[in-house]
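Undergrad: Here you go, sequence then predicted model.
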Amino acid sequence: AQSVTQLGSHVSVSEGALVLLRCNYSSSVPPYLFWYVQYPNQGLQLLLKYTTGATLVKGINGFEAEFKKSETSFHLTKPSAHMSDAAEYFCAVSRANNLFFGTGTRLTVIP
Amino acid sequence: DAGITQSPRYKITETGRQVTLMCHQTWSHSYMFWYRQDLGHGLRLIYYSAAADITDKGEVPDGYVVSRSKTENFPLTLESATRSQTSVYFCASSDGTSGAKETQYFGPGTRLLVL
């Protein structure tokens, strides 16, 4: 069975501070893992994805995520938050032709 | 313009009515998907299609019907709308042969309210 857990439905950070959004997954096979971002009234767009190979994945807008098999985690980070990072972030895991999403984390950036 | 579009963007209907949500993509992507987004649930897959005339159920298919006669179109029909189908619906497409393992490109969504 596939499931994704995102810890914290709301995260607030100050502008310039570290962003850390947590994602844990359960999978019986090596997973394909994704982070998507959704800006208000828009569809989702891909931030980054892990398939195989290097466990540290770099994405757009300065985000990166590290696949840790031993912890079944794929946390999203950014060293310095910008006001434009305010959005909802979704972690997802794929298996076969299904993509299973977490419930999302809304990021607020405080000026 | 190239991309993935959805229509209508907003729809209000009544319980029991049939509603069709349209999705069109210009990339000739083989895979297309329909999701619904609800608070507390994230996005859940309703149906997907690997190619024209090939469709399959996702996580929450009950009450929905899809068809795909052309590669670029993937309409979603609610045959008899219920209030529980009030949601935001997203269409997505992806290229390649691995379906959900590939990057998915999402449309802007359709907000549906069933009264």
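TA: Great, that's in hand. Numbering: from 1, shown residues only, chains lettered A, B, ... in the order given.
Undergrad: Where does pLDDT dip in chain B?
TA: B:1-2, B:98 (pLDDT under 70).
Undergrad: go on, chain A?
TA: A:1-2, A:28.
Undergrad: Around chain B, pick out the residues from it.
TA: Within chain A, the residues that sit near chain B (Cβ under 8 Å from any Cβ of the partner chain) are A:4, A:32, A:34, A:36, A:41-46, A:49, A:51, A:90, A:92, A:94-104. Where you see a C-beta, it was placed from the backbone N, CA and C, and this is true even at glycine.
Undergrad: Go ahead and build a ChimeraX selection from the buried members of these.
TA: In ChimeraX, a selection of the buried entries from the residues of chain A next to chain B looks like this (16 or more other Cβ atoms under 10 Å in any protein chain shown):
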select /A:4,32,34,36,43,44,46,49,90,92,94,95,97,98,99,100,101,102,103,104
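Undergrad: so of the residues of chain A next to chain B, which ones are in strands?
TA: A:4, A:32, A:34, A:36, A:44-46, A:49, A:90, A:92, A:94-95, A:98-101 (DSSP state E).
Undergrad: what two of those are the furthest from one another?
TA: A:Gln45 and A:Arg95 (21.8 Å; Cβ to Cβ).
Undergrad: Return the residues in contact with B:Phe90.
TA: Contact analysis of B:Phe90 by Cβ atoms under 8 Å, 6 or more residues apart in numbering or on different chains lists A:Gly43, A:Leu44, B:Gln6, B:Trp34, B:Tyr35, B:Arg36, B:Gln37, B:Leu43, B:Phe106, B:Gly107, B:Gly109, B:Thr110.
Undergrad: Looking at the residues you listed, which is nearest B:Ser87?
TA: Taking Cβ to Cβ as the measure, B:Ser87 lies nearest B:Arg36 of the contacts of B:Phe90, at 4.3 Å.
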